[in-house]
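Q: Please work out how this folds:
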Amino acid sequence: MLRACTVDELPPGESVRIAGPEPIAVFNADGELYAIGDTCTHQDASLADGWLEGCFVECPLHAALFDLRTGMPSCLPAKQPVRTYEVQVDAGVIYVLADAAEDAA
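A: Residues are numbered from 1 along each chain as shown. Below you'll find the predicted structure:
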């Protein structure tokens, strides 16, 4: 498990980036927490820097939209999905269920 931040540090409409070999973006979309691969599959851009629109994040480079629930792009220019991760909250801390072995796969 990777520690993202506390629940208080991630208000609705905000995101946080977990650095690593495979960066992960964690989003609070109206109280629902989602985690996806942070790098847009169209071009190297951080999705944590994008804009939330309901359960979608818009890439800051070319406006590709990704569904936070499935990782699937909903419009061009992105064609490939981003990876999704399970999120858990324990004692007010947000964790992403991923580890180095998974990220290397």
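Q: Can you get me a residue count around the nearest residue to residue 78 once chain neighbours are set aside?
A: Using C-beta to C-beta, 6 or more residues apart in numbering and skipping residues adjacent in sequence, the residue nearest residue 78 is residue 64, 3.5 Å away. C-beta coordinates here come from the backbone N, C-alpha and C atoms, glycine included. Counted with other C-beta atoms under 10 Å, the burial measure for residue 64 works out to 25 neighbours.
Q: ok, residue 64 to residue 4 distance?
A: Shown here: residue 64 relative to residue 4, a distance of 23 Å by C-beta to C-beta, to the nearest Å.
Q: Now the phi/psi pair for residue 48, please.
A: For residue 48, the backbone dihedrals (degrees, to the nearest 10) come out as phi -60, psi -20.
Q: Hmm, I typed the wrong one, I wanted residue 47.
A: Here residue 47 shows phi and psi, under degrees, to the nearest 10, equal to phi -70, psi -20.
Q: Hmm, residue 62 and it touching each other?
A: No: the pair residue 47 and residue 62 does not pass the contact test of C-beta atoms under 8 Å, sitting 11.9 Å apart.
Q: okay, the two: which has more neighbours?
A: Summary of the neighbour comparison: residue 47 and residue 62, criterion other C-beta under 10 Å, with residue 47 having more neighbours (27 against 14).
Q: ok, now how distant is the more buried one from residue 56?
A: From residue 47 across to residue 56, the span is 11 Å (C-beta to C-beta).
Q: residue contacts, residue 61?
A: Contacts of residue 61 were listed using C-beta atoms under 8 Å, 6 or more residues apart in numbering, and they are 40, 42-43, 45.
Q: go on, residue 45?
A: Listed by C-beta under 8 Å, 6+ apart, the contact partners of residue 45 are 39, 59-62.
Q: Any chance of the backbone angles for it?
A: phi -140, psi 140.
Q: how about the nearest residue to it, chain neighbours excluded?
A: In space, residue 45 comes closest to residue 61 once its chain neighbours are excluded; the distance is 4.1 Å by C-beta to C-beta, 6+ apart.
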